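S.K.: here is my input; please provide its structure:
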Amino acid sequence: MTRGLEIMKNMLTCIRLVVLSVLVCCVAYPVAMLVFGRIVVPWKAEGSLLTDGHGEILGSIRLAQEFTRPEYFWPRPSAVDYDAAATGGSNLAPTNPVLADRAKRILERYRVTGDQRIPADLITASGSGMDPHITIEAARFQMSRVAAERGLPEEVVEMLILRNTEEPLLRVFGGEMPVNVLRLNVALDEKMTGLERE
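M.R.: So this is what the prediction gives:
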């Protein structure tokens, strides 16, 4: 009889621990992080959304979105078609013909000819498929096309590239200085709007 009571007591203790763990990990902690984020870094907690002058949401600076028109800088390819609900890589081996076909289509899109070199990040997707950045080299590679389409001098477009280049998170260890594609394209649109007003 005593053994049975002890087992029941242990089971109740285990159930209490499971319930307590669920309450702490699945309710209290997420709510605390949500409240903390909204108080300390509200813009980031809301998704780092970029808006235009009318308050219209243009996108998140933390997530890539597709730009296909030639007057815009194009982001890295996405294995998930820029769907934030399905982030992830393709998990295809480097020898997979699907990757070779995709690379061929990208080279045709950029009109790469002969011995012309294209930055790797314009051909390869990121691990999440949602990287909002490209390298400065990738932005400069597209600069002449964008400048021609916009009717802007290349020096003006390069200045916008440099203004929208971010410091790497761990600058101490070196690394690429990324360019945020959405911010750069918004800056281009604003530049064109400013020129129209002049």
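
S.K.: isn't Arg145 up against Arg69?
M.R.: No: at 10.8 Å, Arg145 does not count as touching Arg69 under the criterion of C-beta atoms under 8 Å. No exception for glycine: its C-beta is placed from N, CA and C like everyone else's.

S.K.: what about those two, which has more around it?
M.R.: Arg145 (17 against 9; other C-beta atoms under 10 Å).

S.K.: what sits against the more buried one?
M.R.: With contacts defined as C-beta atoms under 8 Å, 6 or more residues apart in numbering, Arg145 is in contact with Pro70.

S.K.: return the set of buried residues in the helix or strand encompassing it.
M.R.: Using DSSP states H and E, Arg145 falls within helix 136-150. Neighbour counts over helix 136-150 (16 or more other C-beta atoms under 10 Å) mark 136, 138-143, 145-147, 150 as buried.

S.K.: same for the next helix or strand after it, what does it pack against?
M.R.: Next along the chain after helix 136-150, taking DSSP H and E as the criterion, comes helix 154-163. Applying 3 or more C-beta pairs under 8 Å, 6 or more residues apart in numbering; DSSP states H and E, we find helix 154-163 packed against helix 136-150, helix 181-197.

S.K.: so what are the domain limits for the chain?
M.R.: What the record gives for the chain is the domain set 2-43, 48-197, from automatic domain parsing.

S.K.: C-alpha coordinates for the helix holding Arg145, PDB please?
M.R.: Extracted in PDB, the C-alpha atoms of helix 136-150 (Å, rounded to 0.1, in the frame of the first residue of the first chain):
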ATOM      1  CA  ILE A 136      28.800  45.600 -52.300                       C
ATOM      2  CA  GLU A 137      30.300  43.700 -55.200                       C
ATOM      3  CA  ALA A 138      26.800  42.300 -56.100                       C
ATOM      4  CA  ALA A 139      25.300  45.800 -55.900                       C
ATOM      5  CA  ARG A 140      28.100  47.300 -58.000                       C
ATOM      6  CA  PHE A 141      27.600  44.400 -60.500                       C
ATOM      7  CA  GLN A 142      24.000  45.600 -61.000                       C
ATOM      8  CA  MET A 143      24.800  49.300 -60.900                       C
ATOM      9  CA  SER A 144      25.200  50.100 -64.600                       C
ATOM     10  CA  ARG A 145      21.900  48.400 -65.400                       C
ATOM     11  CA  VAL A 146      20.000  50.300 -62.700                       C
ATOM     12  CA  ALA A 147      21.700  53.600 -63.500                       C
ATOM     13  CA  ALA A 148      20.800  53.200 -67.200                       C
ATOM     14  CA  GLU A 149      17.200  52.200 -66.500                       C
ATOM     15  CA  ARG A 150      16.800  55.200 -64.100                       C
END
